[in-house]
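# Model the structure of this input:
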Amino acid sequence: MAPEELRDQALAALTDYKDTVLSTKIFHGQLTLNVTGEKIIEILTALRDTPELAFNYLSDLTAVDHLEIGGPERFAVVYHLVSFDHNHRIVIKAFVPENNPEIHSATALWGTADWQEREVWDLYGIKFIGHPNLTRLLNPEMITGHPLRKDYPLRGYGERDTHRRVEREIGSKYKPKKLD
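Residues are numbered from 1 along each chain as shown. Have a look, this model is predicted:
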């Protein structure tokens with residue numbers, strides 16, 4: 001299906017939520033829908049359950065911090081959906097505000113959202129409402145910030161100050177033991 005035809009079918013499936021669609025973009029044959037995050041579950045459900053679209057797989061879920069590049073809101077949660085039935089893809093960018101970065105969890109729609117939402121929570125601080133186990137995935141609990149935010153300091157907030165340092169001489173090489 002051509003990206004323009006996919007766009008038209010996706011917008012037809014989202015007629016009840018047309019006030020949440022901010023814009024569409026086709027770039028290198030890939031369709032992206034920019035939406036507000038308030039009705040993300042309804043939008044994703046419509047894209048999954050419309051037979052002509054049948055986006056039955058969430059291949060990736062990530063986020064973008066628009067601090068320096070601008071946009072409708074600072075953060076966007078990005079959903080990469082695939083239809084195995086029709087062999088097409090779509091990207092949904094759901095914008096969430098900086099002062100209350102939260103959006104509803106897609107774990108009830110796709111099990112693959114579980115760890116991906118935890119990763120976004122850990123690295124960007126975007127809360128997923130209704131997630132069954134929203135805990136840190138990559139960073140220890142003692143970390144107070146979210147390292148992929150654009151305003152996170154390059155050296156962190158001091159988390160590494162208590163880590164043991166290993167001193168090595170310049171040019172030294174690790175020499176493994178020989179096995180007998």
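# Run through the helices of this protein in chain order.
Listed in chain order, the helices of the chain (DSSP state H) span 3-13, 40-49, 113-124.
# Let me know which of those is tucked in deepest.
helix 113-124 (a mean of 21; mean count of other C-beta atoms under 10 Å). Where C-beta positions appear, they are placed from N, C-alpha and C, glycine not excepted.
# Now do stretch 101-115: everything it contacts.
With C-beta atoms under 8 Å, 6 or more residues apart in numbering as the test, stretch 101-115 has contacts from 37, 40-41, 44-45, 48, 57-59, 61, 74-75, 77, 79, 94, 96, 117, 124-134, 137.
# right, so of the helices of the chain, which gets closest to Gly70?
Proximity to Gly70 (C-beta to C-beta) singles out helix 113-124 among the helices of the chain, at 17.2 Å.
# what's the angle from that closest one to helix 40-49?
Interaxial angle of helix 113-124 relative to helix 40-49 (axes from the mean of the first three to the mean of the last three C-alpha atoms, to 10 degrees): 140 degrees.
# can you tell me how far Asn34 sits from Glu117?
20 Å (C-beta to C-beta, to the nearest Å).
# are any of the contacts of stretch 101-115 buried, and which?
Burial by neighbour count, judged by 16 or more other C-beta atoms under 10 Å, picks out 37, 40-41, 44-45, 48, 58, 61, 74-75, 77, 79, 94, 96, 117, 124-128, 131, 134, 137 from the contacts of stretch 101-115.
# Name all residues that make contact with the closest residue to Val91 other than its chain neighbours.
Leaving aside its chain neighbours, Val91 sits nearest to Thr32 (4.3 Å; criterion: C-beta to C-beta, 6 or more residues apart in numbering). Neighbour list for Thr32: 24-26, 90-93 [criterion: C-beta under 8 Å, 6+ apart].
# any idea which of these is the one closest to Leu67?
Lys93 (15.5 Å).
# List the contacts of that closest one.
32-35, 64, 76-79.
# can you put the residues you listed in TSV and add pLDDT?
Listed next are the contacts of Lys93 as TSV, based on pLDDT from 0 to 100:
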residue	pLDDT
Thr32	97
Leu33	97
Asn34	97
Val35	97
Val64	96
Ala76	97
Val77	98
Val78	98
Tyr79	98
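# ok, of those, which one's closest to Glu5?
Leu33 (14.4 Å).
# Distance check, Ile90 against Leu134.
Applying C-beta to C-beta to Ile90 and Leu134 gives a distance of 26 Å.
# so how many other residues sit close to Leu22?
Counted with other C-beta atoms under 10 Å, residues neighbouring Leu22 total 15.
# I'd say it and Asn34 touch.
Yes: Leu22 is within contact range of Asn34, at 4.4 Å (criterion: C-beta atoms under 8 Å).
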